[in-house]
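>>> Could you look at this predicted model? Sequence included:
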Amino acid sequence: LAKTTQPISMDSYEGQEVNITCSHNNIATNDYITWYQQFPSQGPRFIIQGYKTKVTNEVASLFIPADRKSSTLSLPRVSLSDTAVYYCLVGDPARSGGYNKLIFGAGTRLAVHP
Amino acid sequence: NAGVTQTPKFQVLKTGQSMTLQCAQDMNHEYMSWYRQDPGMGLRLIHYSVGAGITDQGEVPNGYNVSRSTTEDFPLRLLSAAPSQTSVYFCASSPGTSGSVISYNEQFFGPGTRLTVL
């Protein structure tokens, strides 16, 4: 399974754009890149998933360069409520008999300040 | 829909005791899984299931058993609790093969069970 590397922590201020980059040098051809968000005392929540180029939804954007060895989660105009841990995961849903054994690392702790 | 529910929310056990953590989902999801999260750490996969009657081990299966007799329920059994099993346990489900590719990776998590073993 592909190993991911993310910054341990980041700080930002309300209204700013936050970009969290994840490195996944040994990503496989069929791997998808998935990001989750976790608030204290809650289970993780799916944010966005992509395979290549750019994906955007109502919450975030995901930028994936052509070599796919990294990806960047972009959160536009963050607020205090975006303070959370963000996890980057890579995996292939076709492996392991159809179940994608996603591996959660330590994630990136984002603190948004007033 | 209630989504993924877990009971109990909190539990304190003594070393050597056994217990079952309950997990249920009402979304007709094929895939279900159990994770544990230690303080300041990411989640580690314990066991997972790709459908009723089918289970397999994750990263840290020792000391835990699972079964999947119905689509809805996926209980986790601690055979003989140890202090090293003190953790927060999360159950998750995802649509699996019944949905699009994204459905494999979009897991829906329950609120967690905070377990302390003395």
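It's in.

>>> in chain A, what spans have low per-residue confidence?
A:1-2, A:92-101 (pLDDT under 70).

>>> Please report the distance of the closest residue to chain B within it from A:Gln16.
Going by Cβ to the nearest Cβ, chain B is nearest to A:Gly43 of chain A, at 2.7 Å. No exception for glycine: its C-beta is placed from N, CA and C like everyone else's. To A:Gln16, A:Gly43 is 27 Å away according to Cβ to Cβ, to the nearest Å.

>>> and B:Gly3, how far is that from A:Gln42?
For B:Gly3 relative to A:Gln42 (Cβ to Cβ), the value is 12 Å.

>>> Output the set of residues of chain B in proximity to chain A.
Selection of chain B residues close to chain A by Cβ under 8 Å from any Cβ of the partner chain yields B:4, B:31, B:35, B:40-45, B:48, B:50, B:56, B:58-59, B:90, B:92, B:96-97, B:101-102, B:104-112.

>>> Just the buried ones from the residues you listed?
Buried subset of the residues of chain B next to chain A (neighbour count, 16 or more other Cβ atoms under 10 Å in any protein chain shown): B:4, B:31, B:35, B:42-45, B:48, B:50, B:56, B:58, B:90, B:92, B:96, B:102, B:104-112.

>>> All the strands of the chain, residue numbers only.
All of this refers to chain A. A:9-13, A:18-23, A:32-38, A:45-50, A:53-56, A:61-64, A:70-75, A:84-91, A:108-113 (DSSP state E).

>>> was after chain B, sorry
B:4-7, B:10-13, B:19-25, B:31-37, B:43-51, B:54-57, B:64-66, B:76-78, B:87-94, B:108-109, B:113-117.

>>> Quick one: residues in contact with the last one.
The reference is to strand B:113-117. Outside strand B:113-117, the residues that touch it by Cβ atoms under 8 Å, 6 or more residues apart in numbering or on different chains are B:6-15, B:21, B:78, B:81-89.

>>> Please spell out which residues along stretch B:66-74 are buried.
Those buried within stretch B:66-74 under the rule 16+ other Cβ under 10 Å are B:Val66, B:Ser67, B:Arg68, B:Thr71, B:Glu72, B:Phe74.

>>> Show me what the first one bridges to in the sheet.
In this structure, B:Val66 bridges to B:Leu76 when assessed by DSSP bridges.

>>> Fine by me, thanks again.
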